[in-house]
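Novice: okay, predicted coordinates and the sequence, questions at the end:
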Amino acid sequence: MIFLDKITKLKPPISKDLNTYSVKEIKKNSNHLIGINFNREIALLFDTTKPYAKGDALEYIQLVHNQKCIVKEDKKEKNKNYSVLKCSIDNQKLKELFLKLLENIILEIPDKISQKDITDLTRDIFDLFEKISKPSRETLIGLWGELFVINSSKNADVLIQAWHPETTDKFDFFNQNQALEIKTTTSNDRIHNFSYEQLYVGNEKLLICSIMLRQNRDGKSLDDLRNEILGRIKNKNLKDQFELVYYKTIGEISEEDINEYKFDYSYAEENIRYFDLINVPRLKEKPMAGVKKIKFQSDLTGIKSVNQFDEDSFYSNLFLEVN
């Protein structure tokens with residue numbers, strides 16, 4: 001990443017004034033800068049004009065307009081007012097996500113830009129970080145299953161394009177009216193939790209992918225799967241899309257915690273099954289008006305599974321264990 005490389009090469013300024021930054025241009029001959037202060041907080045400093053706008057702030061990131069700063073590049077120093085987007089996150093992976101998101105929207109901006117435009121451009125970043133929190137154990141095990149499905153597929157690109165699409169969060173994967181919901185379990189039974197809404201579909205075709213997992217210290221971690229998948233992707237935009245969903249899901253979790261979730265890859269390959277919605281035990285009657293958030297368990301043990309996919313379907317890209 002361009003921004004990460006620039007930040008890595010910077011030494012923090014001696015001054016403890018947190019509005020003093022060691023900086024580099026975001027690109028050659030640009031008026032906009034990227035830098036760090038004494039506390040190694042990352043900041044983007046934008047040379048902005050009218051129309052003016054209000055700033056924004058969360059626990060870890062903030063945007064302040066018309067901020068007086070001292071910027072130091074090599075042996076040069078100057079005082080100037082900037083619009084400052086600052087990140088004070090300790091988590092290295094979230095720092096990388098912050099920089100990656102910025103690269104996607106900032107590198108092509110003009111040398112002169114309004115405060116309003118900067119506020120608008122960074123709105124999605126604030127929206128994303130506002131939702132980031134420490135995920136539950138169930139979320140991380142579910143993520144392992146989703147990464148396994150992508151990594152074991154015949155075409156990872158197609159799976160990533162379908163992974164948590166913006167058009168719907170109802171399913172884990174959605175492609176041209178074909179949906180795939182991943183369910184994982186560490187028990188010896190295929191008993192999974194569902195919401196009524198997950199299994200109440202309209203015109204969509206829905207398959208349930210059930211994966212039985214076994215924890216193993218020598219197994220593959222979330223990060224192992226992430227790196228293997230990235231190695232299969234050639235398209236930069238698709239890599240960015242994949243990492244955005246990945247980091248959004250893992251949230252504020254340490255490297256140590258990530259490595260706790262290691263599962264036997266071969267065991268997962270042996271114990272993956274797909275079930276057509278028509279065979280899944282579920283509530284079929286529509287609830288009365290006012291009834292919300294119905295959740296239940298469904299036992300798929302002994303239920304007939306899918307043993308082949310249509311060649312021209314989205315599902316044909318999936319790994320299928322045939323007994």
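Specialist: Arrived safely. Residues are numbered from 1 along each chain as shown.
Novice: now residue 226: which helix or strand?
Specialist: helix 222-232 (DSSP states H and E).
Novice: let me see the mean pLDDT of that helix.
Specialist: If you average the pLDDT over helix 222-232, you get 96.
Novice: does anything pack onto it? Which helices or strands?
Specialist: Under the contact definition 3 or more CB pairs under 8 Å, 6 or more residues apart in numbering; DSSP states H and E, helix 222-232 sits against helix 137-151, helix 156-162, helix 236-250, helix 255-258. In short, each C-beta sits where N, CA and C put it, glycine included.
Novice: alpha carbons of the last one, as PDB, please.
Specialist: Below are the C-alpha coordinates for helix 255-258, written out as PDB (Å, rounded to 0.1, in the frame of the first residue of the first chain):
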ATOM      1  CA  GLU A 255      -3.400 -11.000  16.300                       C
ATOM      2  CA  GLU A 256      -3.300 -13.300  19.400                       C
ATOM      3  CA  ASP A 257      -7.100 -13.700  19.300                       C
ATOM      4  CA  ILE A 258      -7.100 -14.400  15.600                       C
END
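Novice: in it, what counts as buried?
Specialist: The neighbour-count check on helix 255-258 (16 or more other CB atoms under 10 Å) flags residue 258 as buried.
Novice: list of residues touching that helix?
Specialist: 92, 93, 221, 222, 223, 250 (CB atoms under 8 Å, 6 or more residues apart in numbering).
Novice: got it, and the third one?
Specialist: For helix 236-250, contacts defined as CB under 8 Å, 6+ apart pick out 93-94, 96-97, 100-101, 104, 128, 131-132, 135, 139-140, 143, 147, 157, 160-161, 163-164, 222, 226, 229-230, 233, 258.
Novice: report the buried members of these.
Specialist: 93-94, 96-97, 100-101, 128, 132, 135, 140, 143, 147, 157, 160-161, 163-164, 222, 226, 229, 233, 258.
Novice: tell me how the chain divides into domains.
Specialist: Domains of the chain are assigned by automatic domain parsing as 2-131, 137-317.
Novice: any idea which element residue 17 lies in?
Specialist: Using DSSP H and E, residue 17 falls outside every helix and strand.
Novice: for it, which non-adjacent residue is spatially closest?
Specialist: Among residues not flanking residue 17 along the chain, residue 70 sits closest, at 6.9 Å (CB to CB, 6 or more residues apart in numbering).
Novice: next up, the contacts around that neighbour.
Specialist: 15, 17, 19, 20, 21, 77, 78, 79.
Novice: in PyMOL, select just the buried ones from those residues.
Specialist: Command for PyMOL, covering only those of the contacts of residue 70 found buried under the criterion 16+ other CB under 10 Å:
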select buried, resi 19+20+21
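Novice: show me the contacts of residue 70 that map onto strands.
Specialist: With strands defined by DSSP state E, the entries of those inside them are 20, 21, 77, 78, 79.
Novice: now that we're looking at the closest residue to the last one other than its chain neighbours, what pLDDT does it have?
Specialist: Using CB to CB, 6+ apart and skipping the chain neighbours, the partner closest in space to residue 79 is residue 70 (5.6 Å). According to the per-residue confidence, residue 70 scores 97 in pLDDT.
Novice: and residue 70, how far is that from residue 48?
Specialist: 18 Å (CB to CB, to the nearest Å).
Novice: ditto for residue 207
Specialist: From residue 207 to residue 48 the distance is 50 Å (CB to CB).
Novice: again with residue 91
Specialist: The gap separating residue 91 from residue 48 is 28 Å, by CB to CB.
Novice: so between the two, which is more surrounded?
Specialist: Just comparing residue 91 and residue 48: by other CB atoms under 10 Å the higher neighbour count belongs to residue 48, 24 against 18.
Novice: who's in contact with that one?
Specialist: With contacts defined as CB under 8 Å, 6+ apart, residue 48 is in contact with 65, 82, 83, 112, 113, 114, 115, 118.
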